[in-house]
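S.K.: For reference, the sequence and a predicted model appear below.
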Amino acid sequence: MLDCHVSLMENAFSRYFATHEEPERLGSRHPAAAPFQAFETSDGHVVVALLTDDESAWARFCVAVGLPKLASDPRFANNRLRTDNHGDLEPLLAGAFRTQTTEAWLQRLQEPGIPCAPVNNVSQVSADPQVAHRGMITEVPHATLGSWPVANTPFRFSASEAGPQGASPALGEHTEVVLRGDLGLSAGEIEELREKGVI
């Protein structure tokens, strides 16, 4: 788990090793692009990822969010300036995004080709068609609950099955198996532990 978290911080480590400056908290914002973050909508959040110096993409974005004058504002003429002047840009965009629903913003932004996505909660992720298509929610049999939905593994192998092997064990379900197999205790020793109330 530690290894995974370190690898996910590759951007922060790259900036630290290049500048020797401690990266500060940025919320959902990307440190080298703007706008590249989550914005609150009237009913949730939407992420915009405009990582480009393409003036036409920036202009299309400004029109889509209803702020066309930002396209000619010299403070935001390119990605570097937008990032440097993020403190001026974010409040303008945040105010605009709060005026409509996430779905409305997705439609408005996707039409002109602006990279964007909703920030989904767990129920929305579990019902997402792509999550279903990928088989990322699967069912496991449970002794008392019947079939139980769980998150699947992302690993897929051409010649091996992957995924949950069953439901979580009940309290003490594998005690005897572990005592016999892993610890090598005899049936008599296990019974003695039971009589003493150890297991």
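M.R.: Now that the structure is in, tell me what you want to look at. Since this is a predicted model, take the numbers as computed values, not measurements.
S.K.: domain parsing for this structure?
M.R.: Split into domains by automatic domain parsing, the chain comes to 28-119, 122-168, 170-199.
S.K.: and those, which is most packed in?
M.R.: Highest mean neighbour count of the domains of the chain: domain 28-119, a mean of 16 (counted as mean count of other Cβ atoms under 10 Å). In this view, the C-beta of every residue, glycine as well, is placed from N, C-alpha and C.
S.K.: Tell me the secondary structure of P149, please.
M.R.: Under the three-state scheme (DSSP: H, G, I helix; E, B strand; the rest coil), P149 adopts strand.
S.K.: pretty sure it is touching M136, no?
M.R.: No: shown here, P149 and M136 do not form a contact pair, counting by Cβ atoms under 8 Å, at 10.7 Å.
S.K.: coming back round to it: any chance of the domains of the chain in JSON lines, plus distance to N11?
M.R.: As requested, the domains of the chain are exported to JSON lines (distance: least, Cβ to Cβ, whole Å):
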{"stretch": "domain 28-119", "distance to N11": "7"}
{"stretch": "domain 122-168", "distance to N11": "21"}
{"stretch": "domain 170-199", "distance to N11": "42"}
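S.K.: list the helices and strands the lengthiest helix in the chain packs on?
M.R.: Secondary structure of the chain per DSSP state H: the longest helix is helix 86-97. Here helix 86-97 touches strand 36-40, going by 3 or more Cβ pairs under 8 Å, 6 or more residues apart in numbering; DSSP states H and E.
S.K.: How far does the strand it packs on sit from its chain's centre?
M.R.: 14 Å (Cα atoms, centre = their mean, to the nearest Å).
S.K.: now the angle from the following helix or strand past it to helix 86-97?
M.R.: Next helix or strand after strand 36-40 toward the C-terminus (DSSP states H and E): strand 45-49. Here strand 45-49 runs at an angle of 130 degrees relative to helix 86-97 (axes from the mean of the first three to the mean of the last three Cα atoms, to 10 degrees).
S.K.: So what touches the host helix or strand of L193?
M.R.: Taking DSSP H and E as the criterion, L193 maps to helix 187-195. For helix 187-195, contacts defined as Cβ atoms under 8 Å, 6 or more residues apart in numbering pick out 176, 179-180, 185, 199.
S.K.: list the contacts for the residue nearest to G135 when sequence neighbours are not counted?
M.R.: Spatially, and ignoring its direct neighbours in sequence, G135 is nearest to N152 (5.8 Å; Cβ to Cβ, 6 or more residues apart in numbering). By Cβ under 8 Å, 6+ apart, the contact set of N152 is 135-138, 163-164.
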